[in-house]
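Undergrad: Sequence first, then the predicted structure, then my questions.
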Amino acid sequence: MTRAIRLQHQSTDRRIYGRHPLEMMVYFSLQDGDGKSSWFVGQMKDAGMGGIRIRANRPVALRRGSKISLRCLLNLIPSDSDQKPVKIEGQIIWYDSSTRYFGLQYQ
């Protein structure tokens, strides 16, 4: 006789703050041990008080714990051509190489 066991799905979301959907192009730079940096393009997918989820436009060798700098234009005033990019510093807290998504925690 076979007994079926039902498992309830438990959320693995450990965030303290909620996230808000957001589609925005971003530029990000990885800082290596030599002080050199390379810039990449990605899409911000959502943001919250604790961090941001980003999808890199192409495969990038990312590691958990790596320091990262991010630049984006908020476009709050579309006619403002003198807009300065918003600068965000953080660290990678997770990376999925199959989807190219990663999580950035603010610092």
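TA: Thanks, I have it.

Undergrad: So which helix or strand of the protein has the lowest pLDDT on average?
TA: Lowest by mean pLDDT, DSSP states H and E among the helices and strands of the chain is strand 19-31, with a mean of 89.

Undergrad: in its sheet, what does it sit against?
TA: strand 37-48 (antiparallel), strand 67-72 (antiparallel) (DSSP bridges).

Undergrad: most packed of these?
TA: strand 67-72 (a mean of 17; mean count of other C-beta atoms under 10 Å). Just so you know, the C-beta spots here come from the backbone N, C-alpha and C atoms, and that holds for glycine as well.

Undergrad: so can I have JSON lines of the strands paired with strand 19-31 showing mean pLDDT?
TA: Below are the strands paired with strand 19-31 laid out as JSON lines (pLDDT from 0 to 100):
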{"stretch": "strand 37-48", "mean pLDDT": "93"}
{"stretch": "strand 67-72", "mean pLDDT": "94"}
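
Undergrad: closest to residue 22 out of those?
TA: strand 37-48 (5.1 Å; C-beta to C-beta).

Undergrad: residues making contact with that closest one?
TA: Strand 37-48 has contacts (C-beta atoms under 8 Å, 6 or more residues apart in numbering) with 15, 17-31, 52-58, 60, 69, 72, 100-101.

Undergrad: Check the offset of that strand from the chain's centre.
TA: Centre-to-centre, strand 37-48 and its host chain are 6 Å apart (C-alpha atoms, centre = their mean, to the nearest Å).

Undergrad: Over to stretch 63-76?
TA: With C-alpha atoms, centre = their mean as the basis, stretch 63-76 stands 7 Å off its chain's centre.

Undergrad: With respect to residue 92, which of the strands paired with strand 19-31 lies nearest?
TA: Short answer: strand 67-72, nearest of the strands paired with strand 19-31 by C-beta to C-beta, at 5.9 Å.

Undergrad: quick one on the thing from earlier: the least confident helix or strand of the chain: how far from the chain's middle?
TA: On C-alpha atoms, centre = their mean, the centre of strand 19-31 falls 6 Å from the chain's centre.

Undergrad: Please give me every residue in contact with residue 24.
TA: So residue 24 contacts 43-44, 72-75 (C-beta under 8 Å, 6+ apart).

Undergrad: Between the residues you listed, which sits nearest residue 36?
TA: The closest of the contacts of residue 24, once distances to residue 36 are taken by C-beta to C-beta, is residue 72, at 22.0 Å.
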